[in-house]
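Asker: I need the structure of the sequence given here:
(chains A, B, C, D, E and F)
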4 protein chains.
Amino acid sequence: MNKTKEKIFNAAIDIISQKGFYKSTMDEIADKAGVAKGTLYYHFNSKDDILIFLIDEGLSLLKNQILEKISHMKNSIEKLREIIVVQSKFLFKYKDFVLILLSQLWGKEEIQNSFREKIYDYLKIIEDIIDEGIEEKLIEKCDKKLLSSAFFGMISSLIIFQFRNNDVIDPEHIADSVIEYTFNGIHYRD
Amino acid sequence: MNKTKEKIFNAAIDIISQKGFYKSTMDEIADKAGVAKGTLYYHFNSKDDILIFLIDEGLSLLKNQILEKISHMKNSIEKLREIIVVQSKFLFKYKDFVLILLSQLWGKEEIQNSFREKIYDYLKIIEDIIDEGIEEKLIEKCDKKLLSSAFFGMISSLIIFQFRNNDVIDPEHIADSVIEYTFNGIHYRD
Amino acid sequence: MNKTKEKIFNAAIDIISQKGFYKSTMDEIADKAGVAKGTLYYHFNSKDDILIFLIDEGLSLLKNQILEKISHMKNSIEKLREIIVVQSKFLFKYKDFVLILLSQLWGKEEIQNSFREKIYDYLKIIEDIIDEGIEEKLIEKCDKKLLSSAFFGMISSLIIFQFRNNDVIDPEHIADSVIEYTFNGIHYRD
Amino acid sequence: MNKTKEKIFNAAIDIISQKGFYKSTMDEIADKAGVAKGTLYYHFNSKDDILIFLIDEGLSLLKNQILEKISHMKNSIEKLREIIVVQSKFLFKYKDFVLILLSQLWGKEEIQNSFREKIYDYLKIIEDIIDEGIEEKLIEKCDKKLLSSAFFGMISSLIIFQFRNNDVIDPEHIADSVIEYTFNGIHYRD
DNA sequence: TATGAATGAGGGTTCATTCAT
DNA sequence: TATGAATGAACCCTCATTCAT
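Answerer: Numbers count the residues shown, from 1 in each chain, chains lettered A, B, ... in the order given. This is a model prediction of the structure:
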């Protein structure tokens, strides 16, 4: 990614995260990037193309951050905990972004298919760790597809709704709570 | 809600659920409703206004469905299970709708504030049931705000990602799984 | 054709005849027509669509003018002469128009196919008159397709090149000359 | 014309003949020529300039081909016949080219004046041969300006409309027919 | 109440042209 | 000579909204 493309990339994230994809205009992005509008089209084919690029890069970033962080961990539960932390931070930073992504999960257009694949790739990481946990006898046998989806949704939802308390989010706390509830369940114990 | 307004309401749900809010046009909605475009503006102030109305009505519907179903139930766990079933069906039917709603949770405009309140009202129902469960000693003491959010996100996510398997969704199955994992946890047991 | 559409129609002919299709803009046409730009799109699907409509109407007009004029004529040579007169006047008035049409005769897009058909329809009128002439023993047997094409081209070319002399065109004179040369040939006679 | 300019020249003919002047872009021409876009501007001042150059070269080519072919001919009718053959082949090869040229015959801009002059030069060749024919008592006295224009238009039109029959064109046949009809006329003879 | 023709600001995209290298 | 990234004016088109009927 050369310098100009990077300027556009950053501007696009800024603008789109702030106003949403549909309310962002190419003019604004160009302005923010400090380039002419035509330059956007020298580096990207269309507005949609920018979105695709953003999501691609975003998901890669998230994946790589996670993979790097957990590469040295042995315990699959610690890994899951780390995923929660990293994903929480990421979601918090790129809220709108994630929504854009989610909003593309339905629909049958080509772009949308490609997004779906990418999210699935991400969920696959979670699945694999669940598998590890099962093998290590840390996790009970379970429907891992269902569980990884639920995991993803739970984290996302928590980030979205943290505003309810007007609190600043604490990813570490979220991670601890989620791990606790997920592992031990919430049924009453004497 | 008189007949014309109802026609518009139904058309709007159809169109917006299918194409998303931003890609839906007033022309399409009018067409689908079988009224003239001007008529939309007799019954609603703006396109945004239609959205607000849709979400208001939609959330009321969801709330009422749930409240009615659980009104005869005694056991708070059964109640939670029922919520999952109803919400799953609802999400499945009005996918895009929910996304629109979610996409409005951020932002600081007035509309968005009103949406937030309404979703919080809904989460409150879940919270209350959790409270009941705690009192009934069915549920362990826990952070109910966090838990209700997580609950909501989990269900949403499961619906969204059921496409992964190209399966038709079975809300009853989803409900059973979620209850099982949520209550007993997934840690390994001999 | 209602009043607004007619205003647009006339404006489009004016502008396009003057500047050519590609150099004409929707803004100019709207300005000339005295309507808003959006109004163009209420009555036509696209800029191309306007062109198609123009050509359709233009060719209909030409055809009808000719058919009406020759309907009372008995002699096929007189008819051909009349065609020359009418077509000359028409070409003179709508020069650019005809070029647009001609420029669409190649190419394999759908629009172009439809144009081709329409011109062929027109040539068919000439062919039929040639046929009549042959039956009436006024015209020698000949390749009528070739001849009708040549006829059409000859007239068009004469109009185009009349500028060479900076003369104002005299369709009657052109008609007489063409008929004379066409019928008797130009070979030397004692 | 050096090598690079020639590459551009050939690419421009290809592209413009295929897509028309207005729908051809400098990018495409550069691509086809295998040079950078900037290079076009090193060899030509503008897109228009390329067109002018194309037409200049094209008409020179046509003129030279014709002049060479007829230089050894004595009989002015044979010469006219040869012109038809050569022009037919040329038109067939460079259809769009000729249209571009024709489309520039009107208008009052400088470029257009220069085009006009060049076409007139070409028509002058035909006129001169007609003159010769008259002197040689092969051709009847006639309006040679009108006749040369008609001649040109006839040939062009025949090429354009040969598509009607989906036949491959046979310039020799066209030439024979045109000469026959032009010289002897089409009036009925016992 | 309902209509639908008309509006016009605004958006995405194209592309001939420039210029530093 | 040649390059290709950058430009920005200009264009086509969309669509929420208005208003006379």
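Asker: Give me the neighbour count for the residue in chain A positioned nearest to DNA strand F.
Answerer: As assessed by C-beta to the nearest atom of the strand, DNA strand F sits closest to residue A:38 within chain A, at 1.6 Å. (Each C-beta comes from the backbone N, C-alpha and C, glycine too.) Applying other C-beta atoms under 10 Å in any protein chain shown, we find 9 other residues in the vicinity of residue A:38.
Asker: And it, how far from chain B?
Answerer: Shown here: residue A:38 relative to chain B, a distance of 25 Å by C-beta to the nearest C-beta, to the nearest Å.
Asker: cool, residue A:115 as well?
Answerer: Applying C-beta to the nearest C-beta to residue A:115 and chain B gives a distance of 12 Å.
Asker: mind checking which helix or strand that residue is in?
Answerer: Residue A:115 belongs to helix A:110-135 when assigned by DSSP states H and E.
Asker: For DNA strand E, tell me whether the helix or strand bottoming out on mean pLDDT in chain A is touching it.
Answerer: When each helix and strand of chain A is scored by mean pLDDT, DSSP states H and E, helix A:95-103 comes last, with a mean of 73. No. Using C-beta under 7 Å from any atom of the strand, helix A:95-103 stays clear of DNA strand E, coming no nearer than 13.5 Å.
Asker: so where's chain A shaky on pLDDT?
Answerer: A:105-109, A:163-168 (pLDDT under 70).
Asker: Now do the helices in it.
Answerer: All helices of chain A, identified by DSSP state H, fall at A:3-19, A:26-33, A:37-43, A:47-71, A:76-93, A:95-103, A:110-135, A:144-161, A:171-184.
Asker: okay, these in JSON lines with distance to residue D:189 next?
Answerer: Formatted as JSON lines, the helices of chain A follow (distance: least, C-beta to C-beta, whole Å):
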{"stretch": "helix A:3-19", "distance to residue D:189": "77"}
{"stretch": "helix A:26-33", "distance to residue D:189": "72"}
{"stretch": "helix A:37-43", "distance to residue D:189": "67"}
{"stretch": "helix A:47-71", "distance to residue D:189": "71"}
{"stretch": "helix A:76-93", "distance to residue D:189": "93"}
{"stretch": "helix A:95-103", "distance to residue D:189": "80"}
{"stretch": "helix A:110-135", "distance to residue D:189": "69"}
{"stretch": "helix A:144-161", "distance to residue D:189": "91"}
{"stretch": "helix A:171-184", "distance to residue D:189": "102"}
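Asker: In the helix holding residue A:115, which residues are buried?
Answerer: A:115-116, A:118-120, A:122-123, A:125-127, A:129-130, A:132-134 (16 or more other C-beta atoms under 10 Å in any protein chain shown).
Asker: Could you do stretch A:79-87 as well?
Answerer: Per 16+ other C-beta under 10 Å, stretch A:79-87 contains these buried residues: A:79, A:80, A:81, A:82, A:83, A:84, A:85, A:86, A:87.
Asker: Please put the alpha-carbon coordinates of it into CSV.
Answerer: Backbone C-alpha positions of stretch A:79-87 (Å, rounded to 0.1, in the frame of the first residue of the first chain) are rendered in CSV as follows:
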residue,chain,number,x,y,z
LYS,A,79,-6.7,-18.1,24.2
LEU,A,80,-10.4,-17.6,24.2
ARG,A,81,-10.1,-15.0,26.8
GLU,A,82,-7.5,-13.1,24.7
ILE,A,83,-9.8,-13.2,21.7
ILE,A,84,-12.5,-11.5,23.7
VAL,A,85,-10.1,-8.8,24.8
VAL,A,86,-8.7,-8.1,21.4
GLN,A,87,-12.0,-8.3,19.6
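Asker: excluding its backbone neighbours, what's nearest residue A:188?
Answerer: residue B:137 (4.9 Å; C-beta to C-beta, 6 or more residues apart in numbering or on different chains).
Asker: All set, thanks.
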